[in-house]
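[1] predicted model follows, preceded by the sequence.
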Amino acid sequence: MNTSNLSFNKNRIIVILGILMAIGPFSVDTYLPGFPEIAKGLETDISLVGLSLTSYFVGIAIGQLGYGPLADRFGRRKPLLWGLTIYLLASIGCIFAPTIYWLIGLRFLMALGACSGMVTSRAVVRDLFPVHEIAKVFSMLTLVMGIAPIIAPTIGGIIVTLLGWRYIFVMLTLIAAFILFTVYKYLPESRGKDHSVSLHPVKILEGYLLLFKNKTFLVFAIASGCASASLFSYISASPFVYMDLFGIRESVFGWIYGLNAFALISASQFNRFWLDKQSSRQITVRTLSLQLLSAVFLIISLTAGLFYIFIMVLVFIYLFWLGFLNPNTNALALEPFSKNAGSASALLGSFQMVFGATASALVSIFFNGTAMPMAVLMVAFSLIGLIAVVTYRDTVVNPVEAVL
């Protein structure tokens, strides 16, 4: 859509879209510090509490595939409002969850609602902004949404300490109500209804299969998925690694988690300036190469038994390089699409969450009481992403040259 035909405040739109993209990570990061208390309160063990994280990722992955065609058929606003309502009701349910199994199920429903914001935000960016600006806009969105992982663990830790873990979901309920009102009041429709988009299951499946046949989309969706997997390898393992293995208090863990989130945010802002000199594809190859190198050093450091502060610095560096990947891989994956941007955004997001859920599950499966499973998965997903990108025939950067 030509932006001249739509009257909107660019900064306000970006803030709202950033908030919508932040719903997913904020809903995860706020309750991570509460894992031990949730286990005690629901009389279960922390591994089952971890399944509520996995169910959330699965819900995000599945839900996005449904919202994509809905956003293309009915426009962006209506499916978004439906999704935010589901998120609101599920958050209320989590407040009163009587068992861990109820919490696991309700977190799945929360994810089904939250993913509407993730799909819509990416699709609206594709609707409103020129192709050559998309990566920069995603970098700006990261600045807005990046506030969530900085403040969320600290807020979650304070709430757990002072009020108890259930009040985390009281807070999420209030936030959901505020976002629902803000979207209804201030977010314009960026793309009208399109009745040519079929909602028949077979047609939807055929549409997604066509997306798979687009090599540009597939390559950078895999790279984006690997970036998410490497992030969630860290997210899933960090409560144990930092609090149990390194002996860091819950309140301090929140600050460290926020500092690592700052690494992601600062990199995304540097990315805006780097894009003036090099293309998104070149930046993607270079940062994947440097990220892989950081992860290899992390494994070496763990094997050598170095002091945990050094390990934390390497994790910070790894996440810094990750901050360049998200805006560039998202922009490159969505670049070929206009009419079906909602479905493309949904499939891209599903890739990210499937990879994230896989990483989260693998952390649990290979748990051995050390930080090594986290580090090995970081190496593995960085390597897979790098292989996908450098074997793409239009990518002209040599990965060896990238790190020299």
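    Structure's in. What do you need? Computed from a predicted structure; not experimentally measured.
[2] most remote residue from the protein's center?
    Residue farthest from the centre of the chain, counting by Cα atoms, centre = their mean, is Ala304 at 31.9 Å.
[3] distance check, it against Phe310.
    Distance, Ala304 to Phe310, by Cβ to Cβ, to the nearest Å: 9 Å. All C-beta spots, glycine's among them, are computed from the backbone N, C-alpha and C.
[4] surely Val170 meets Ile95?
    Yes - between Val170 and Ile95 there is a contact under Cβ atoms under 8 Å: 5.8 Å.
[5] what residues does stretch 182-198 touch?
    1, 6-8, 12-13, 16, 19-20, 69, 71-77, 80-81, 84, 123-124, 127-128, 204, 339-342 (Cβ atoms under 8 Å, 6 or more residues apart in numbering).
[6] next one: it to chain centre, how far?
    Stretch 182-198 sits 23 Å away from the centroid of its parent chain (Cα atoms, centre = their mean, to the nearest Å).
[7] sort out which residues of it are buried, please.
    Buried residues in stretch 182-198, counted by 16 or more other Cβ atoms under 10 Å: 182-183, 187, 189-191, 197.
[8] quick one: contacts for the closest residue to Phe129 other than its chain neighbours?
    If the residues on either side of it in the chain are set aside, Phe129 comes closest to Val137, at 5.1 Å by Cβ to Cβ, 6 or more residues apart in numbering. Taking Cβ under 8 Å, 6+ apart, we find Val137 in contact with 14, 125, 129.
[9] let me know the helix or strand that Val137 is in.
    helix 134-145 (DSSP states H and E).
[10] any idea how far that helix is from the chain center?
    Centroid separation between helix 134-145 and its chain, computed with Cα atoms, centre = their mean, is 13 Å.
[11] going forward, begin numbering at 48 instead of 1
    Got it, the first residue is 48 from now on, which makes the last one we talked about helix 181-192.
[12] what's the average pLDDT for the helix or strand that that helix is followed by?
    Next helix or strand after helix 181-192 toward the C-terminus (DSSP H and E): helix 194-209. Averaging pLDDT along helix 194-209 gives 79.
[13] contacts only, for the closest residue to Phe398 other than its chain neighbours.
    Excluding its sequence neighbours, the residue lying closest to Phe398 (Cβ to Cβ, 6+ apart) is Gly272, at 4.0 Å. Contacts for Gly272 (Cβ under 8 Å, 6+ apart) come out as 398-399, 401-403, 432.
[14] who does the helix or strand hosting Leu135 touch, helix- and strand-wise?
    Following DSSP H and E, one finds Leu135 within helix 124-142. Helix 124-142 makes packing contacts with helix 93-121, helix 147-175, helix 213-233 when contacts are defined by 3 or more Cβ pairs under 8 Å, 6 or more residues apart in numbering; DSSP states H and E.
[15] can I get the last one in CSV? Just the C-alpha atoms.
    Taking C-alpha atoms only, helix 213-233 is exported to CSV below (Å, rounded to 0.1, in the frame of the first residue of the first chain):
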residue,chain,number,x,y,z
ARG,A,213,0.2,-15.4,40.3
TYR,A,214,0.4,-11.6,40.4
ILE,A,215,2.7,-11.9,37.3
PHE,A,216,-0.4,-12.9,35.4
VAL,A,217,-2.4,-10.1,37.0
MET,A,218,0.1,-7.7,35.5
LEU,A,219,-0.1,-9.4,32.1
THR,A,220,-3.9,-9.1,32.2
LEU,A,221,-3.8,-5.4,32.9
ILE,A,222,-1.2,-4.9,30.1
ALA,A,223,-3.3,-7.0,27.7
ALA,A,224,-6.3,-4.8,28.4
PHE,A,225,-4.3,-1.6,27.8
ILE,A,226,-2.9,-3.0,24.5
LEU,A,227,-6.3,-4.0,23.3
PHE,A,228,-7.7,-0.5,23.9
THR,A,229,-4.6,1.1,22.3
VAL,A,230,-4.9,-1.0,19.1
TYR,A,231,-8.7,-0.4,18.9
LYS,A,232,-8.2,3.3,19.3
TYR,A,233,-5.0,4.2,17.5
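[16] angle of it against helix 194-209?
    140 degrees (axes from the mean of the first three to the mean of the last three Cα atoms, to 10 degrees).
[17] heading C-terminal from helix 213-233, find the next helix or strand.
    helix 248-260.
[18] what comes into contact with that following helix?
    Contacts of helix 248-260 (Cβ under 8 Å, 6+ apart): 112, 116, 245, 264-265, 384, 387, 390-391, 394.
[19] one more: stretch 348-366?
    Contacts of stretch 348-366 (Cβ under 8 Å, 6+ apart): 277-278, 281, 289, 292-293, 303, 306-308, 310-311, 338, 341-342, 344-345, 417-419, 422, 425.
[20] just the buried ones from the residues you listed?
    Burial by neighbour count, 16+ other Cβ under 10 Å: within the contacts of stretch 348-366 this picks out 277-278, 281, 289, 293, 303, 307-308, 310-311, 338, 341-342, 345, 418-419, 422, 425.
[21] top of the contacts of Val184 by number of neighbours, please.
    Neighbour counts for the contacts of Val184 peak at Val172, which has 26 neighbours (criterion: other Cβ atoms under 10 Å).
[22] if I look at that one, how far off is Ile63?
    Following Cβ to Cβ, the distance that separates Val172 from Ile63 is 12 Å.
[23] in the chain, what helix or strand scores lowest on average pLDDT?
    Least confident helix or strand, the chain: helix 446-449 with a mean of 40, by mean pLDDT, DSSP states H and E.
[24] coming back round to it: how about TSV for the contacts of Val184, with distance to Thr101 added?
    Listed next are these as TSV, based on distance: Cβ to Cβ, whole Å:
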residue	distance to Thr101
Ile61	31
Val172	29
Phe176	34
